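> sequence and predicted structure, then a few things I'm wondering about:
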Amino acid sequence: MERLERSLREAPIVEKDGYHYFVNPISDGVPTVDPRLLREVGVRIVQQTDFRSIDKIVTPAAMGIHISTTVSLMTDVPIVVVRKREYGLDGETPLYKETGYEESQMYINDVYAGDRVLVIDDVLSTGGTLSAIVEALGDIGAEIQDVIVAIRKADGTTDLGFEVKTLADVVVEDGEVEIVEGPQAIDQ
């Protein structure tokens, strides 16, 4: 069994306001993130995309950062972090995201028309964060080459209108994380 799948099967489930969260090193940084797990996730992402056609990795703060950093170190492709704080820099693009558990404003800097980007995130649940980022990147004129998430909650995603590659698809049933399939591409 791969480390990612093992970490998901061993993940504790926490219920907050009727929403069942699985607590996992990749999605939460808890328990401790084993570098071998992070390396495995990075390798699996690198195997799923052609980095010759990628100029920048775009990732939302905060839990996409450690995954994207791993991939950046493996490929020498720079990272752009979509932040929750506005700095007012030239070219800063705001976006509004709404997920199943929060609404907020985020900001993208240093992505320009024609940039070929890979979007990486930790978990795809409702799709609110990824949809907002993809829409903002489209408004900028960036060319999205790939969208990859480490973990997709298979029972929560709605139609996003773009393809998302995943490393593991999961559902939470009877207080446990069940692996549905992975890796796979889903055309949302």
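That came in fine, so what should we check first?

> what about the strands in this protein?
13-16, 19-22, 56-60, 79-82, 93-98, 103-108, 116-124, 143-153, 163-173, 176-181, 184-187 (DSSP state E).

> how far does the fourth one sit from the chain's center?
Between the centre of strand 79-82 and the centre of its chain there are 12 Å (CA atoms, centre = their mean, to the nearest Å).

> sheet-wise, list the partners of that strand with their directions.
Paired with strand 79-82 in the same sheet, following DSSP bridges, are strand 56-60 (parallel).

> returning to that earlier point: mind putting the strands of the chain into a markdown table with mean neighbour count and distance to Gln47?
Where C-beta positions appear, they are placed from N, C-alpha and C, glycine not excepted. Converted to a markdown table, the strands of the chain look like this (neighbours: other CB atoms under 10 Å; distance: least, CB to CB, whole Å):
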| stretch | mean neighbour count | distance to Gln47 |
| --- | --- | --- |
| strand 13-16 | 11 | 30 |
| strand 19-22 | 17 | 24 |
| strand 56-60 | 24 | 15 |
| strand 79-82 | 20 | 19 |
| strand 93-98 | 15 | 28 |
| strand 103-108 | 16 | 27 |
| strand 116-124 | 24 | 13 |
| strand 143-153 | 23 | 10 |
| strand 163-173 | 20 | 10 |
| strand 176-181 | 16 | 16 |
| strand 184-187 | 13 | 13 |
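
> for the protein, where's the lowest mean pLDDT among helices and strands?
strand 184-187 (a mean of 46; mean pLDDT, DSSP states H and E).

> follow-up on the earlier one: how about the strands of the chain in CSV, adding distance to His66?
What follows is the strands of the chain, written out as CSV (distance: least, CB to CB, whole Å):
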stretch, distance to His66
strand 13-16, 20
strand 19-22, 17
strand 56-60, 9
strand 79-82, 11
strand 93-98, 20
strand 103-108, 18
strand 116-124, 8
strand 143-153, 10
strand 163-173, 14
strand 176-181, 20
strand 184-187, 23
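
> looking at the ones you listed, which has the lowest confidence?
Ranked by mean pLDDT, the strands of the chain end with strand 184-187 in last place, scoring a mean of 46.

> of all the strands of the chain, which lies closest to Leu38?
Between Leu38 and these, the shortest gap by CB to CB is with strand 143-153, which sits at 10.0 Å.

> show me what that closest one is packed against.
Under the contact criterion of 3 or more CB pairs under 8 Å, 6 or more residues apart in numbering; DSSP states H and E, strand 143-153 touches helix 3-9, helix 25-28, helix 35-46, strand 116-124, helix 128-140, strand 163-173.
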